[in-house]
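Trainee: let me see the structure of the following:
(2 chains)
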Amino acid sequence: MKVILRVLRYIVIATCLIFFLFPVYWLVITAFKPSNEWFTWPPRFWPTQLTFSNFLGAKETEVFGGTTGSIENIFPYLRNSIVVGISVSLIATVISASAAYAIARYKVGGAFLAEWIISIRMLPPIVSAVPLYVIFSRLRLINTWWALILSHLVIVVPLGVWLLISFFREIPREIDEAAYVDGASTFQTFFYVIFPLSAPGLAAVAVLSLIQSWGEFLLALVLTNDARAQTLPIFLGRYITGWRVAWGPLSAAGIVTMLPVVVFAILAQRYLIRGLTFGAVKG
Amino acid sequence: MKNKRLVPWLMVLPVLVLFLSMTIYPFAFMIWSSFRQYDLSKGAETRFIGLANYFQIFSDSTAIESFKFTAKLLAVAVPTELLLGIGIAFLIRGVRGEKIIRSSLLVPMMVPAAVSGVAWKMLYNYAFGPVNWFLSLFGISKISWLGDMNYAQLGIILIDVWQWTPFVFLMIYAGLQSVPQDLIDAARVDGADWGRVFLHVEFPLLRPLILVALVLRIIDCLKTFDIVFMTTWGGPGAATHTYSFYVYKVGISFGWNIGYASALSVLLLLVSMLLVNIVFRLVRMRQQLGFGGEER
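Mentor: Here you go, the predicted model:
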């Protein structure tokens, strides 16, 4: 009886793992399948031949409508994602750190200001999408990197501020005070003493900001309209609408979009989990 | 002395300016336009029409459709995620390879929604998709997962469950780690079987965490947009319009009816703010931030 229960337990666990991992597995193998294996019945679960043509483009895929043979034309989107992601990450880290320090040490604005900043993270982005569109189009910023950088900052800064407040609160006040006694100003203390001490927290905020900006969909969709500013998720969205979709290149683009996020997310797991649950889980 | 007070304000200034211009100003604009006839497809001039935009919501059949589907997500997807997440957390506790299983279960949650939309669109493919192949093993004939009135909603719900069960699992799993082992041992010694241990020891300790998971999931459910955009685009008909998706359609994709979209948004904003308030209480946000209450 005990043995049966144990076997059953492992079977259930295996089933769960398959359910949660299979979609990703399928995306990855499809990206490496040659075009004659995209549409088969029964589906090919073990590709017999692997190819890079979905990434690099090749003669044989030209047959497929010609326009969507590979993801050679992904580069402008990749560039936009990188520029926006890194800018958001850097700016967010700096401004969140300085705000978090002022709140943690000087209680600027009281609980109201802190809670207001953090609550913004939870609000549905669609709520700001319509007014932001109107405002950015008046400023002639639609379809620019700036529109994305500014709007992504709104999404990522609350999490950064929150994480760093809890980080700074763990640094003993005596350290600040020692610096003051030695004649350092508030800014100097912040830059030369607190900044280095909170390096892991700052790194986590930088990584989390990058991840969120990289995967953000709705605002990027609304605020941009062509390859000059559109990011990778929007590239995917455009690819998928069409009468017959080229699965191989689409999956390849999916991998390019997903890979940095998954890698960074696993690296920053602890903070990501803490942040997503608002400290309900310490991670 | 004056300087000492000014510097901290200077340090929050960038964030303050960002949020005043990027949230307060848009929200004010939104509330203002929600009381006006403001439809870009009918020209740029606006005029005050009182609460008409708000009344329109209740006579708009697509809006009601989107209410219903969002409610279905809340009523079906969220409880499923909670039960599955809790179940899996208990199931893998103490199993060999626990850590690896935990890490790999995180993957769905981290994949950007646009990418999981692509993956699921392939899985659901009518003629060649693995889902229909799997069902065919049981003699079930092919289902048009994203195109059929009866299945499209289920299709979206399944994707949501796939993506967010790991989130619940993770919270509960982490919570389980912090249940003191001697408490469980003591109950065991007193002759409690695992069912009793769960009911009388573990569950009461996990309850606050489960509650936070529930509210966070509700908040996220109200945001559901990407996955609908990527897979069904709200169809067939209006069957899989989530509330967020409908606002997008009214305000941006082909409506350009800023006034009406604003009224819809105000409603969503109010509900979300209420829920955020609840979460903040549950996680004791104030204490976490070092304001009021007992200092750690």
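
Trainee: looking at chain A, which helix or strand is least sure?
Mentor: helix A:53-56 (a mean of 77; mean pLDDT, DSSP states H and E).

Trainee: leaving out chain neighbours, which residue sits closest to residue B:205?
Mentor: residue B:179 (5.3 Å; CB to CB, 6 or more residues apart in numbering or on different chains). Quick note: C-beta positions are derived from backbone N, CA and C, even for glycine.

Trainee: for that neighbour, what are its contacts?
Mentor: B:201, B:202, B:205, B:206 (CB atoms under 8 Å, 6 or more residues apart in numbering or on different chains).

Trainee: change it to 10 Å
Mentor: B:197, B:201, B:202, B:205, B:206 (CB atoms under 10 Å, 6 or more residues apart in numbering or on different chains).

Trainee: could you report the distance from the spatially most central residue of chain B to residue A:10?
Mentor: With distances taken as CA atoms, centre = their mean, residue B:220 lies nearest the centre of chain B, 1.6 Å away. To residue A:10, residue B:220 is 31 Å away according to CB to CB, to the nearest Å.

Trainee: related to what we said a few turns ago, residue B:164 is in contact with the residue nearest to the centre of chain B, correct?
Mentor: Yes. Here residue B:220 reaches residue B:164: they are 7.0 Å apart, a contact under CB atoms under 10 Å.

Trainee: overlap of the contact sets of the two?
Mentor: residue B:78.

Trainee: quick one on the thing from earlier: the least confident helix or strand of chain A and chain B in contact?
Mentor: No. If you take CB under 10 Å from any CB of the partner chain as the test, helix A:53-56 misses chain B, and the best it gets is 12.9 Å.

Trainee: is the helix or strand that comes right after that helix up against chain B anywhere?
Mentor: The element immediately downstream of helix A:53-56 (helix or strand, assigned by DSSP states H and E) is helix A:75-106. Yes. Against chain B, helix A:75-106 shows contacts by CB under 10 Å from any CB at A:91-92, A:94-106.

Trainee: do stretch A:167-184 as well
Mentor: Yes. Among the residues of stretch A:167-184, A:168, A:169, A:170 lie within reach of chain B under CB under 10 Å from any CB.

Trainee: which strand or helix spans the second one?
Mentor: Taking DSSP H and E as the definition, one finds residue A:169 inside helix A:145-170.

Trainee: check which residues of that helix are buried.
Mentor: A:145, A:147-169 (16 or more other CB atoms under 10 Å in any protein chain shown).

Trainee: same thing with stretch B:221-239?
Mentor: Using 16+ other CB under 10 Å as the test for burial, stretch B:221-239 gives B:221-234, B:236, B:238-239.

Trainee: please apply the same query to stretch B:20-38.
Mentor: B:22, B:23, B:26, B:27, B:29, B:30, B:33, B:34, B:35, B:36, B:37, B:38.

Trainee: ends of that stretch, how far apart?
Mentor: Counting by CA to CA, to the nearest Å, you get 24 Å between the two ends of stretch B:20-38.

Trainee: so where's the stretch 1-150 of chain A shaky on pLDDT?
Mentor: Applying pLDDT under 70 to the stretch 1-150 of chain A flags residues A:57-72.

Trainee: the strands in the chain, which residues?
Mentor: By default, I'm working from chain A. Using DSSP state E, chain A contains no strands.

Trainee: wrong one, chain B
Mentor: Going by DSSP E, chain B shows strands at B:36-37, B:47-48.

Trainee: adjacent strands (with direction) for the first one?
Mentor: Put plainly, it is strand B:36-37. Here strand B:36-37 has these sheet partners by DSSP bridges: strand B:47-48 (antiparallel).

Trainee: show me how far the partner strand is from its chain's centre.
Mentor: 35 Å (CA atoms, centre = their mean, to the nearest Å).

Trainee: do stretch A:162-179 as well
Mentor: Taking mean C-alpha positions (CA atoms, centre = their mean), stretch A:162-179 and its chain are 28 Å apart.

Trainee: chain neighbours aside, what residue packs nearest to residue A:86?
Mentor: residue A:210 (7.0 Å).

Trainee: how many other residues sit next to residue B:16?
Mentor: Around residue B:16 there are 18 other residues, counting by other CB atoms under 10 Å in any protein chain shown.

Trainee: returning to what we had before: turn the residues of stretch A:167-184 next to chain B into CSV, columns for pLDDT.
Mentor: Compiled in CSV, these are given as follows (pLDDT from 0 to 100):
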residue, pLDDT
A:168, 89
A:169, 87
A:170, 85
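
Trainee: tell me who's in contact with residue A:226.
Mentor: Applying CB under 10 Å, 6+ apart, the residues near residue A:226 are A:76, A:143, A:234, A:238.

Trainee: of all the residues you listed, which comes closest to chain B?
Mentor: When the contacts of residue A:226 are compared for distance to chain B (CB to the nearest CB), residue A:234 wins out at 7.7 Å.

Trainee: may I ask you to confirm that that closest one is in contact with residue A:224?
Mentor: Yes. The criterion here is CB under 10 Å, and residue A:234 meets it with residue A:224 at 6.7 Å.

Trainee: perfect, I'm done here.
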